[in-house]
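*Asks:* with the input below, show me the fold.
(one chain, ligands or ions: 1)
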Amino acid sequence: MTDLTTLGIAAIRDGVRDGQFKAREVAEAFNAKVAGADALNAFLVKTPEHALAAADAADAARAAGETLKPLAGVPIGMKDLFATKGVATTAASKILEGFVPPYESTVSQNLWNAGAGMLGKLNLDQFAMGSSNETSAFGNVISPWRRPNDTAPLAPGGSSGGSSTAVSAGLAPGATGTDTGGSIRQPAAFTGISGIKPTYGRCSRWGTIAFASSLDQAGPMARDVRDCAIMLEAMAGFDAKDATSLKLDVPTWEAALSADLKGKRVGVPKEYRVDGMPAEIETLWQQGIDWLRDAGAEIVEVSLPHTKYALPAYYIIAPAEASSNLARYDGVRYGLRDLPEGAGLQDMYAATRAAGFGDEVKRRILIGTYVLSAGFYDAYYTQAQKVRTLIARDFERAFEQCDVLLTPTAPSAAFALGEKQADPLAMYLNDVFTVPASLAGLPAMSVPGGLDKDGLPLGLQIIGKPLDEQGVLNAGLAIEQRAGFTARPQAWW
Ligand code: GLN
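*Replies:* Below is the predicted model of the structure:
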């Protein structure tokens, strides 16, 4: 009997449909894996009964001869930024401790409607702010990967570090992520899995705890490109409850997957050759270019002249929006309330927010409040918005010459926990390749390309035109087929 936890989403779906195994066996196998992996700290809440109930529904539907739903029998992990009805939801912050939503986010509801079950709620950087999962109030997630002969714990990437860890350690065949400036793509790259951030507006943000509303997008993280396509089809779709949701039908991305890139042009942006980039990343990037050429694509060099301003603009816009979004956590409406003896309302706000938010969240609220303040608004916020427009225009022009762009996902492989924590700027620099596509609202994906000298995964990023998830997925598939990436972390947990 094969270990069912070695299977991905497509294999589970097909196996359940064809009667090779029962959905209940799949759920039990993954529940057991989750229960045995506490050392990774990937799960904040475990919901084995949710996974079993969805599995039983799939088995019953099959026994009754019904057509199975697209994710029937597939258990997944849910990033704890998605509100789940009746299941504690904290965004990994103390300020939401004890909050049990009376409603379900649209993305999670879409997944349940498609037949998926939930293994649990996944740890993350607090309010999705971070690149290493070290800002969680409930402890670091530990990457399942290690350097050879070295037990130093490595970062699983962030903010979707619980999601990347759960999928790469085989605790879940897929997991939801959210991506504001790279939080799906960078953790996918650090852990040797695939993840796609769709075009802004493809997935509803309703019921997803807001960080920076003009940037936040949900997306899938899974073992391969096909599994991402399957999961994204279930997650995406118009939602009247989100004013920025796109009123478009969801394409059949899986059915249209093709690794034949004949007639396609792949752009290589010269500004992404940043100073100090490790030679291994350069080499992998060149390898990726060769793979896409081999798949039939023509390679063109393109220019994205405002790339160097993307990171500073992002770290103004995202905190500005966060400072506004996080104003709602005041001790009145959700979770934590710190009401000192004899205190007034203002004191309660201050005490609650001082006790409830972590350092990184406070840093962002301070920066955001500063750049939005009367004296500095034009100097920072307005300037950043202008830069954002220029960056979007750079991409528009580049896409007159090509269909997709190929870049590295991150400027390094996974770093050790603690290595960058004391230096926020060093941490922010890790987002240098992912942030521009976020500012422009473009679909972008990371697929594993190879290993570095320490045997750690490196990812390649594909950025597409607005709404061209298909082009992104297809280029991802072409890389996947040529990279032959099969490395998995050795279980030590
Ligand atoms: N690392 C980036 C940040 O800290 C991106 C986070 C995200 O995409 N949620 O803002």
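*Asks:* can you report how many residues lie near T369?
*Replies:* Neighbourhood size, T369 [other Cβ atoms under 10 Å]: 16. The C-beta positions use only the backbone N, C-alpha and C, and glycine is treated the same way.
*Asks:* my guess is it contacts S323. True?
*Replies:* Yes. If you go by Cβ atoms under 8 Å, T369 and S323 touch, sitting 4.8 Å apart.
*Asks:* for M129, see how far away the residue of the stretch 301-450 of the chain found nearest the ligand is.
*Replies:* Closest approach between the stretch 301-450 of the chain and the ligand, counting by Cβ to the nearest ligand atom: D431, at 4.7 Å. In this structure, D431 and M129 are 11 Å apart, going by Cβ to Cβ, to the nearest Å.
*Asks:* just the C-alpha atoms of stretch 33-47, please, in CSV.
*Replies:* Coordinates of each C-alpha in stretch 33-47 appear next as CSV, following Å, rounded to 0.1, in the frame of the first residue of the first chain:
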residue,chain,number,x,y,z
LYS,A,33,1.2,13.2,9.8
VAL,A,34,0.0,16.5,11.2
ALA,A,35,-0.2,15.0,14.7
GLY,A,36,3.4,13.8,14.5
ALA,A,37,4.9,17.1,13.3
ASP,A,38,4.5,19.4,16.3
ALA,A,39,8.3,20.2,16.2
LEU,A,40,7.7,22.2,13.0
ASN,A,41,5.1,24.4,14.6
ALA,A,42,3.3,24.7,11.3
PHE,A,43,-0.3,24.4,12.7
LEU,A,44,-1.9,26.8,15.1
VAL,A,45,-5.1,24.8,15.2
LYS,A,46,-5.7,21.2,14.1
THR,A,47,-9.1,20.2,12.8
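*Asks:* what's the mean pLDDT across that stretch?
*Replies:* Averaged over stretch 33-47, pLDDT sits at 98.
*Asks:* the residue in the chain that the ligand sits nearest to: what's it in contact with?
*Replies:* Proximity of the chain to the ligand (Cβ to the nearest ligand atom) peaks at S183, 3.0 Å away. Each residue near S183 by Cβ atoms under 8 Å, 6 or more residues apart in numbering is listed here: 125, 128, 131, 158-160, 177.
*Asks:* quick check: end-to-end length of stretch 3-21?
*Replies:* Stretch 3-21 has an end-to-end distance of 11 Å (criterion: Cα to Cα, to the nearest Å).
*Asks:* then stretch 188-205 to PDB, C-alphas only?
*Replies:* Only the C-alpha atoms of stretch 188-205 are listed here, as PDB (Å, rounded to 0.1, in the frame of the first residue of the first chain):
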ATOM      1  CA  ALA A 188       7.400  28.300  -1.900                       C
ATOM      2  CA  ALA A 189      10.900  29.000  -3.200                       C
ATOM      3  CA  PHE A 190      12.500  28.400   0.300                       C
ATOM      4  CA  THR A 191      10.900  25.000   0.600                       C
ATOM      5  CA  GLY A 192      10.900  23.500  -2.900                       C
ATOM      6  CA  ILE A 193       7.200  23.800  -3.700                       C
ATOM      7  CA  SER A 194       5.100  25.700  -6.200                       C
ATOM      8  CA  GLY A 195       2.800  28.700  -5.400                       C
ATOM      9  CA  ILE A 196       0.900  31.200  -7.500                       C
ATOM     10  CA  LYS A 197      -0.400  34.600  -6.700                       C
ATOM     11  CA  PRO A 198      -3.200  35.300  -9.200                       C
ATOM     12  CA  THR A 199      -4.100  38.700 -10.700                       C
ATOM     13  CA  TYR A 200      -5.300  41.100  -8.100                       C
ATOM     14  CA  GLY A 201      -9.100  40.600  -7.900                       C
ATOM     15  CA  ARG A 202      -9.200  36.900  -9.000                       C
ATOM     16  CA  CYS A 203      -9.700  35.700  -5.400                       C
ATOM     17  CA  SER A 204     -12.100  37.400  -3.100                       C
ATOM     18  CA  ARG A 205     -10.600  39.100  -0.100                       C
END
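*Asks:* out of the contacts of S183, which are inside strands?
*Replies:* G177 (DSSP state E).
*Asks:* burial measure for E400, as a count.
*Replies:* 8.
*Asks:* kindly report the same for R205.
*Replies:* Applying other Cβ under 10 Å, I find that R205 has 23 neighbouring residues.
*Asks:* list the contacts for the nearest residue to it once chain neighbours are set aside?
*Replies:* Closest residue in space to R205, ignoring its immediate chain neighbours: D242 at 5.1 Å, by Cβ to Cβ, 6 or more residues apart in numbering. D242 sits next to 106, 204-206 when contact means Cβ under 8 Å, 6+ apart.
*Asks:* how about a cut-off of 10 Å?
*Replies:* 106, 201, 203-208, 213 (Cβ atoms under 10 Å, 6 or more residues apart in numbering).
*Asks:* who wins on neighbours among those residues?
*Replies:* C203 (30 neighbours).
*Asks:* does it touch M235 like I think?
*Replies:* Yes. The criterion here is Cβ atoms under 10 Å, and C203 meets it with M235 at 5.3 Å.
*Asks:* which residues are common contacts for the two?
*Replies:* 106-107, 110, 176, 218-220, 250.
*Asks:* pipe these into JSON lines and attach pLDDT per row.
*Replies:* Listed next are the shared contacts of C203 and M235 as JSON lines, based on pLDDT from 0 to 100:
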{"residue": "T106", "pLDDT": "98"}
{"residue": "V107", "pLDDT": "98"}
{"residue": "N110", "pLDDT": "98"}
{"residue": "T176", "pLDDT": "99"}
{"residue": "A218", "pLDDT": "98"}
{"residue": "G219", "pLDDT": "98"}
{"residue": "P220", "pLDDT": "99"}
{"residue": "V250", "pLDDT": "98"}
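*Asks:* out of those, which are inside strands?
*Replies:* Per DSSP E, these map to strands at 176, 218-220.
*Asks:* write the PyMOL selection for whichever of those are buried.
*Replies:* Entered in PyMOL, the line below selects the buried ones among these, by 16 or more other Cβ atoms under 10 Å:
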select buried, resi 176+218+219+220
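*Asks:* can you tell me which of the ones in strands among the shared contacts of C203 and M235 is closest to W493?
*Replies:* Among those, T176 lies closest to W493 (Cβ to Cβ), at 22.2 Å.
*Asks:* partners of the closest one in the sheet?
*Replies:* When assigned by DSSP bridges, T176 has beta-bridge partners P220.
*Asks:* now do the contacts for it.
*Replies:* T176 neighbours (Cβ under 10 Å, 6+ apart): 76-82, 105, 107-108, 111, 116, 118, 122, 160, 163, 184, 203, 208, 218-221, 231, 235.
*Asks:* what about A279, how many neighbours?
*Replies:* 8.
*Asks:* tell me which helix or strand M445 sits in.
*Replies:* Per DSSP states H and E, M445 falls inside strand 444-451.
*Asks:* now for this structure, the helix or strand with the poorest mean pLDDT.
*Replies:* Across the helices and strands of the chain, mean pLDDT, DSSP states H and E gives its lowest value to helix 424-429, namely a mean of 88.
*Asks:* past that helix, which element shows up next along the chain?
*Replies:* Next along from helix 424-429, by DSSP H and E: helix 435-439.
*Asks:* do that following helix and the ligand meet?
*Replies:* No. Counting by Cβ under 6 Å from any ligand atom, no contacts exist between helix 435-439 and the ligand, the nearest distance being 7.0 Å.
*Asks:* buried residues, that helix. List them.
*Replies:* Across helix 435-439, burial judged by 16+ other Cβ under 10 Å covers 435-439.
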